[in-house]
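**Q** Coordinates for the following, if possible.
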Amino acid sequence: MAYNSLHDVIKAALSGQVTVIDVREASEVQASGLAKGALHIPLATLAMNADPKSPDYDVRIAQGKPIAVYCAVGGRAGMAASTLARMGYETMNIGGFSDWAAAGGPISD
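**A** You can find the predicted model right below:
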């Protein structure tokens, strides 16, 4: 499914149609919070956590469901989206945490 705006992605994420992954480091998440419902998987461990053959596979990453990725400003999210796409996931880089917040996305502590 194509999403025309971050508002569309937020709505889909809140209804469970999209998995959101925050690829920032733990200290960044602690400082600002996390998008509501997002999985926190730092970029450094994402490939292991997204690979179903890995012992570190995170079953919360559901193939067949689009994945929206964000970081602080969008650079790491772009790398994460590329990594996930190479692994067969449908992904999108939604930019930075502040983009999520500015678009009205709810935040969890």
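**Q** who touches stretch 35-51?
**A** 13-14, 19-26, 29, 34, 54, 56-58, 60-61, 70-71, 76, 79-80, 83-84, 87, 89, 97, 100, 105-108 (Cβ atoms under 8 Å, 6 or more residues apart in numbering). Backbone N, C-alpha and C define where each C-beta goes, glycine included.
**Q** Mind checking which of those are buried?
**A** 13, 19-25, 29, 34, 58, 61, 70-71, 76, 79-80, 83-84, 89, 97, 100, 105 (16 or more other Cβ atoms under 10 Å).
**Q** what about the helices in this structure?
**A** Along the chain, the segments classed as helices by DSSP state H run 6-14, 26-32, 43-50, 75-86, 97-102.
**Q** from memory Ala80 sits against Val69, does it?
**A** Yes. In this structure, Ala80 is within contact of Val69 by Cβ atoms under 8 Å, at 4.5 Å.
**Q** shared neighbours, the two?
**A** Joint contacts of Ala80 and Val69 (Cβ under 8 Å, 6+ apart) are Ile21, Val23, Thr91, Asn93.
**Q** The third one and Lys65 touch, don't they?
**A** No. Taking contact to mean Cβ under 8 Å, the distance of 10.7 Å between Thr91 and Lys65 leaves them out of contact.
**Q** Neighbour count: the two, which is higher?
**A** Shown here are Thr91 and Lys65; by other Cβ atoms under 10 Å, Thr91 has more neighbours (23 against 13).
**Q** OK, contacts around the more buried one?
**A** Neighbouring residues of Thr91 by Cβ under 8 Å, 6+ apart: Pro66, Ile67, Ala68, Val69, Ala80, Ala81, Leu84, Ala85.
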